[in-house]
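In: pasting the sequence and the predicted coordinates here, then a few questions.
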Amino acid sequence: MAGREHGADQMGNVRWTHSLSRTGDRARSVLYILALAVVVIFGLLQVTVVAVPVVLAFILAAAISPVVNWLRHHGWSAGWATATAFLGLLVVVGGVLASVIVAIQAEWTSLAAQAGERTKDLWTTLKNGPLPIDDSTLQQAEQSLRGVLGSQQTEDQAMAGAAQAAEMATGFILMAVILFFFLKDGRAMWAFAIQKLHGRQRAKARVAGIRAMAVLGGYVRGTAIVATVDAVLIGASLLILQVPLAVPLTVLIFIGAFIPIIGATVTGVLAALVALLGVGPVAAVIVGVVVIVVNQLEGNLLQPVVMGRTLQIHPLVVLLALAIGGVIAGVLGAILAVPLTAAAWAALQVWAGVPASRAGESGLVGGRG
């Protein structure tokens, strides 16, 4: 009976054994997991005001927890180390947001006016060029562009988005509070979460949490370094060429670097477009060349050196994670999908018994458990 794929019990009923039975059990387990994931995602989408701040706080805690740990190893108390790292992050984020808001308010009207002049020149060139473009097509395109840049529509959209802005402010405050407690008590929280497990399962859960946080933190810190280099190089070219909205575009380029594969390209094209409308075609070409050079530098040098082997998932998985995250939660979902996937994969490898380096075991955030 041991070597057969099926057998019969005492009543004569056929029962499957070995490989087919194990395959069925695993398929059933996968279906249970998928059903649970669907329910969890659906539930989180109903409370995005809470879910998004929690996820963002979790990722930020993984990224800056080494600062807290470093301060504590040098004699700082848990409270002072957490408060220093926390306030430092808030000052940096607040300063960047303030500079972006001031720059947009100061330069948006000027950009709209310059764009109008540039589009007139562009329409004239297109109409006199070899392409068969008639006046009605050009007028329709010009009206669409003026509609995007026009102040009245922008003001209407701003009024319509007032409630969303208030919701974002609430989420930011909630994220800040959650981040503080994650930094201060993260290890104790994880110990509480796995306290019902015993023996080998509890040890595996503890190491899985440590690995996941180490991978997540390493990914965010490495991407932040790469994004900073991208933003500085491209932003410097925008400032030198006196492109309008150079500071907001620089921040957007930094954020775009957190979306693998497509983020840097999309933000670079946007920067070149603003340079075309605000300065002229020569400036747009220069910005485009700078973006291409920086992207090549990032892909061939910065990413391998800075990121190392942090992101140990196939590019196809990255693309699928981006697509799924974008469908579920838009741009924010695309930004969060890859690091969360990498962290989840690291935890699953530990749980499945895949050997891993213990170098990241100090990466779990928070105080002592």
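Out: Yep, that arrived.
In: which parts of the chain are strands?
Out: 6-8, 14-16 (DSSP state E).
In: lowest average pLDDT across these?
Out: With a mean of 49, strand 6-8 has the lowest mean pLDDT of the strands of the chain.
In: neighbours of the closest residue to residue 79 other than its chain neighbours, how many?
Out: Nearest in space to residue 79, with sequence neighbours left out and distances taken as C-beta to C-beta, 6 or more residues apart in numbering, is residue 184 at 7.1 Å. Heads up, the C-betas are built off the backbone N, CA and C, glycines and all. Neighbours of residue 184 under the rule other C-beta atoms under 10 Å: 21.
In: before we move on, what about residue 209?
Out: Neighbours around residue 209, by other C-beta under 10 Å: 24.
In: can you give me the distance of the closest residue to it other than its chain neighbours to residue 197?
Out: Using C-beta to C-beta, 6+ apart and skipping the chain neighbours, the partner closest in space to residue 209 is residue 190 (5.0 Å). Distance, residue 190 to residue 197, by C-beta to C-beta, to the nearest Å: 11 Å.
In: okay but the residue nearest to residue 79 is in contact with residue 82, surely?
Out: Yes. Using C-beta atoms under 8 Å, residue 184 is in contact with residue 82, at 4.4 Å.
In: tell me which stretches of the stretch 201-350 of the chain form helices.
Out: Along the stretch 201-350 of the chain, the stretches classed as helices by DSSP state H, counting those that start in this stretch are 246-256, 263-278, 281-297, 315-351.
In: again, but for the stretch 51-200 of the chain
Out: For the stretch 51-200 of the chain, the helices defined by DSSP H, counting those that start in this stretch cover 78-128, 135-149, 151-160, 162-193, 199-240.
In: low-confidence stretches in the stretch 151-300 of the chain?
Out: 151-165 (pLDDT under 70).
In: what sits against the residue nearest to residue 250 when sequence neighbours are not counted?
Out: Sequence neighbours aside, residue 235 is the residue nearest to residue 250 in space, at 3.3 Å (criterion: C-beta to C-beta, 6+ apart). Counting by C-beta atoms under 8 Å, 6 or more residues apart in numbering, residue 235 touches 246, 247, 249, 250, 253.
In: before we move on, back to that, which one of the helices of the stretch 201-350 of the chain lies closest to residue 205?
Out: If you check each of the helices of the stretch 201-350 of the chain against residue 205 by C-beta to C-beta, helix 315-351 wins as the nearest, at 7.7 Å.
In: which strands or helices does the closest one pack on?
Out: Helix 315-351 sits against helix 18-46, helix 48-73, helix 199-240, with contacts defined as 3 or more C-beta pairs under 8 Å, 6 or more residues apart in numbering; DSSP states H and E.
In: quick one, which of those helices is nearest to residue 100?
Out: Taking C-beta to C-beta, helix 199-240 is the member of these nearest to residue 100, at 12.1 Å.
In: report the angle between the closest one and helix 48-73.
Out: 100 degrees (axes from the mean of the first three to the mean of the last three C-alpha atoms, to 10 degrees).
In: relative to helix 263-278, how tilted is helix 199-240?
Out: Angle, helix 199-240 to helix 263-278, by the same axes, to 10 degrees: 20 degrees.
In: any idea of the angle helix 199-240 forms with helix 162-193?
Out: Helix 199-240 runs at 150 degrees relative to helix 162-193, counting by the same axes, to 10 degrees.
In: before we move on, the earlier item: and residue 190 and residue 197? which has more neighbours close in?
Out: Each of residue 190 and residue 197 has its neighbours counted (other C-beta under 10 Å); residue 190 has more, 19 against 13.
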